[in-house]
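J.: Here is a sequence together with a model predicted from it:
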Amino acid sequence: MGYTIAVVEVAFILLPVNVLVFVPHFFFGSLLVFIACDLIVEWLVEIRSKVTGPSYAVGECFLFFLITLYSRFLRLCFVYVRWCL
């Protein structure tokens, strides 16, 4: 099985055609969402039993702050790009 995967990967590298053209864009988007959901479950749910209450609260507040800051940054970037066009 391992040799088959290695041969297929080498064939993809040696092909003169860009293989990513045949992969739909929603595949990469869904992969990113899957990884994000897995990290959120790991960081928010599974860590609860391993840390103290105050430490968990600080982590939750920090995560909330990061999400809020990042979403505002993305909105500002979107407005700037629309203004430049």
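T.: That came through fine. Residues are numbered from 1 along each chain as shown.
J.: Can you give me the buried ones in the lengthiest helix in the chain?
T.: Of all segments of type helix in the chain, defined using DSSP state H, the longest is helix 53-84. By neighbour count with 16 or more other Cβ atoms under 10 Å, helix 53-84 contains no buried residues. All C-beta spots, glycine's among them, are computed from the backbone N, C-alpha and C.
J.: need the helix or strand of the chain with the lowest average pLDDT.
T.: helix 53-84 (a mean of 80; mean pLDDT, DSSP states H and E).
J.: how deep is L39 tucked in, by neighbour count?
T.: Neighbour count of L39, defined by other Cβ atoms under 10 Å: 10.
J.: and if you look at the one 3 residues further on?
T.: Taking other Cβ under 10 Å as the criterion, the count of residues near E42 is 10.
J.: shift numbering so it begins at 2
T.: Shifting the count to begin at 2 puts that one at E43.
J.: next one: the least confident helix or strand of the chain to chain centre, how far?
T.: 15 Å (Cα atoms, centre = their mean, to the nearest Å).
J.: Quickly list the domain ranges of the chain.
T.: Domain assignment of the chain by automatic domain parsing yields the ranges 22-51, 52-86.
J.: farthest residue from the center of this protein?
T.: Centroid-distance maximum for the chain: Y4 at 29.8 Å, with Cα atoms, centre = their mean.
J.: tell me the contacts of it?
T.: With Cβ atoms under 8 Å, 6 or more residues apart in numbering as the criterion, no residue contacts Y4.
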